[in-house]
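coords please:
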Amino acid sequence: MELTPEEQRLAEKLFNKIQRQRREDRKNERYYRGLQEIGNLGIAVPPDVQPFAFPLNWCRTYIDVLEERQDVRMFLRSGALEEDAELRADWEANDLDSLSHLVHRDLLIYGRAFISVAARDGGGRPRIMPESPKDIAALVDARTREMTAALRIYRDDTGIAEYMTLYLPDSTVLIDRRAGKWEVVRRIKHRLGRVPLVMILNRQRTGEWAGETQLADLRPLVDMAGRVMLQLQLAMETVATPQKVALGVTQKDFVDADGNQIDDPWETYLGAIWAISSKDAKIEQLSGAQLTGFHDTIKMLAEQAATVTGLPVRMMGQNTANPAAEGAIRADESRLVKQVERLNTLMGAGWAWALGIAERIRTGSWDADGQISTLWQNPGTPTESQRADALQKSTGGRPFMSVRGAMAEMGWPQQRIDRELEWLEQENSMGGIIEKLERGADDNSGEREPP
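Numbers count the residues shown, from 1 in each chain. Down below sits the predicted model:
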């Protein structure tokens, strides 16, 4: 089975788009992994020292700090106060408590993330799956803002494309490479009326359908920090090491322990003992150079990195002598928390769309469009005592929360809340029975049996 001319045109266009974005994706991934190349001017650093270069991996620190604070709490429908059981079931059926972090990390590293939704061959809950943004591209109609097509490439260990999936509004086309030619192996007629794929873009701008990596402003600073660390290593091995100066000696004065002439006097440089017979010889030692200039430069770069990322300087390795108090920590993290909240708004909309498509597959209805909200855990550093104290003061010290509300505020899942309430009801019932028995025993304690 072959692709139709229109499908062929879309596949080629999307395939070329994936190939164009691969260079930038590889660059961003290497920065995140700390494997980027550290260049230098070649003036003070010999080529032999270059392999010892290593970056201060602030990129991974920045991405991970943001992603670690992105924890989904629950899903609500418009007007509801409790989590929807069907949405939670779709979420848990796909193990998204763990897989969702892959999507969040992809969005930050590559500037875009994708989630595919499909019916399972054996039935059951729809499959909601993170897709690698490195091997996927989508086309969007600028007038309607709707996705018109998307292509996902699957590669072997050598990077060669083995098979592809073409996503269309009414069908999904599975394509394999056979005898060097692309052939359709299956067409799935889902008839959803939209591409069963969710695209999330970071730092999107009006009129553009491309995202930007969260590392864009940090990469130049990381490059400079890497060069400083390389020069620091060179200085540690050269000018920072105390130097020896031998005056009034010749090459014949350098002999080994057996009295044999040493061909290369420089081999004695690291010798523990020097013994020279010439009475005119003089050995002196020069003090090593101070490295504080390198340390100050690293500190300055860390402060600049904190400026562009919003991370507290203490997270960039610049620690103070005294630990910060709770209030200072929250003030120090204000920009970081706001960044996570904005990212959660973006990611929450993406997860809501994915769950909406899954519900359409399950029920055949689009009633969930725009009706699903994603709630997140508090991205701030937990300071529960300060928070509880503030709430008590706001209500004048009166009780202000039900038991169920307190459990929800603690972030417990709905199943745990229901089970705890059942146990509380059982304990209350048992307590009432015990109280009646004890009261009855007290009432009968004053009665005497007749003689």
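
What are the buried residues along the helix or strand where residue 7 lies?
Under DSSP states H and E, the secondary-structure element containing residue 7 is helix 5-33. By 16 or more other CB atoms under 10 Å, the buried positions in helix 5-33 come out as 7, 10-11, 14-15, 18, 21, 25, 28, 31-32. Any C-beta I mention is one placed from the backbone N, CA and C, and that applies to glycine too.

Show me the two of those residues that sit farthest apart.
7 and 31 (36.1 Å; CB to CB).

List the contacts of stretch 139-150.
Stretch 139-150 is contacted from outside by 10, 13-14, 114, 136-138, 166-169, 194-195, 197, 199, 207, 209, using CB atoms under 8 Å, 6 or more residues apart in numbering.

Buried ones among the residues you listed?
For the contacts of stretch 139-150, a burial check counting by 16+ other CB under 10 Å picks out 10, 14, 114, 136-138, 166-168, 194-195, 197, 199, 209.

Restricted to helices, list those residues.
10, 14 (DSSP state H).

Same list, the buried ones among the contacts of stretch 139-150, but as JSON lines with pLDDT and distance to residue 368 please.
Shown next, in JSON lines, are the buried ones among the contacts of stretch 139-150 (pLDDT from 0 to 100; distance: CB to CB, whole Å):
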{"residue": "10", "pLDDT": "94", "distance to residue 368": "28"}
{"residue": "14", "pLDDT": "96", "distance to residue 368": "28"}
{"residue": "114", "pLDDT": "97", "distance to residue 368": "20"}
{"residue": "136", "pLDDT": "96", "distance to residue 368": "24"}
{"residue": "137", "pLDDT": "96", "distance to residue 368": "27"}
{"residue": "138", "pLDDT": "96", "distance to residue 368": "22"}
{"residue": "166", "pLDDT": "96", "distance to residue 368": "26"}
{"residue": "167", "pLDDT": "96", "distance to residue 368": "20"}
{"residue": "168", "pLDDT": "96", "distance to residue 368": "22"}
{"residue": "194", "pLDDT": "92", "distance to residue 368": "13"}
{"residue": "195", "pLDDT": "95", "distance to residue 368": "17"}
{"residue": "197", "pLDDT": "96", "distance to residue 368": "17"}
{"residue": "199", "pLDDT": "97", "distance to residue 368": "18"}
{"residue": "209", "pLDDT": "90", "distance to residue 368": "24"}
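
Name the nearest residue to residue 90, sequence neighbours excluded.
Nearest residue to residue 90, sequence neighbours excluded (CB to CB, 6 or more residues apart in numbering): residue 358, at 4.9 Å.

ok, that neighbour - how many residues close by?
Residue 358 has 26 neighbours, counted by other CB atoms under 10 Å.

If anything else comes up later, I'll come back, but that's it for now.
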